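K.L.:
Below is the sequence, then the predicted model.
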Amino acid sequence: MYYPEPISKLIDSFTKLPGIGPKTAVRLAFFVLNMKEDDVLDFAKALVSAKRELTHCSVCGHITDQDPCQICTDASRDDSVICVVEDPKDVIAMEKMREFNGRYHVLHGSISPMDGIGPEDINVPDLINRLKDDKVKEIILATNPNVEGEATAMYISRLVKPSGIRITRIAHGLPMGGDLEYADEVTLSKAMEGRREL
Ligand SMILES: [Zn+2]
């Protein structure tokens, strides 16, 4: 080992983050060594509290520090529309757009038979439960425009169709194979406007 143990541990920790290769991990670890102690403590506390204080909303599955989350408890929002997304980051992308005033449902993944992920492995059963109280008139399927996202949208569409609830899919101004969270607000807004019946 070239590094004293505390720094090699830090390098290992950075390597576990997505998009961080060994070289970047070394650079970041040495950067931390040169930071002010207070800033390092704040950083460490932010990591721990993000992990400890955040949970998944028991209604919609979004990340939250209160359960149910702020969006689910906001009385000014429209109960009749649920926008179904794969990831909490997609909720945040939608909220930045400031045009959607319904509720959300976060699946935490998408159906991927290749990876052995079926409907029961993502938050589909909870979605079906939410439809039982008859308030919901439309479901907008805003899963990612890639193979798994499409398969997930088709699956939910087939499952919900018999209930007579309107089912729409966001339009593909979004790049195919892309990720919803990286779409800019205009593209996302157009995709919502252009949603079609399924
Ligand atoms: Zn919620």
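P.N.:
Perfect, thanks for sending it.

K.L.:
Quick check: the spatially most central residue of the chain vs the ion, distance?
P.N.:
In the chain, the residue lying closest to the centroid (Cα atoms, centre = their mean) is D87, at 1.5 Å. D87 is 14 Å from the ion, where distance means Cβ to the ion, to the nearest Å. Just so you know, the C-beta spots here come from the backbone N, C-alpha and C atoms, and that holds for glycine as well.

K.L.:
Equivalent analysis for I117, please.
P.N.:
From I117 to the ion the distance is 23 Å (Cβ to the ion).

K.L.:
what about that residue, how many neighbours?
P.N.:
I117: 15 surrounding residues under other Cβ atoms under 10 Å.

K.L.:
ok, back up a step: make sure the residue nearest to the centre of the chain is actually in contact with G149.
P.N.:
No: with contact defined as Cβ atoms under 8 Å, D87 does not count as touching G149 (10.6 Å).

K.L.:
now the strands for the chain?
P.N.:
55-56, 63-64, 81-85, 103-106, 138-141, 166-169, 196-197 (DSSP state E).

K.L.:
any chance of the ones you listed in CSV, plus distance to D184 and mean neighbour count?
P.N.:
Output for those, formatted as CSV (distance: least, Cβ to Cβ, whole Å; neighbours: other Cβ atoms under 10 Å):
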stretch, distance to D184, mean neighbour count
strand 55-56, 27, 14
strand 63-64, 22, 18
strand 81-85, 17, 23
strand 103-106, 20, 24
strand 138-141, 19, 22
strand 166-169, 20, 20
strand 196-197, 21, 9
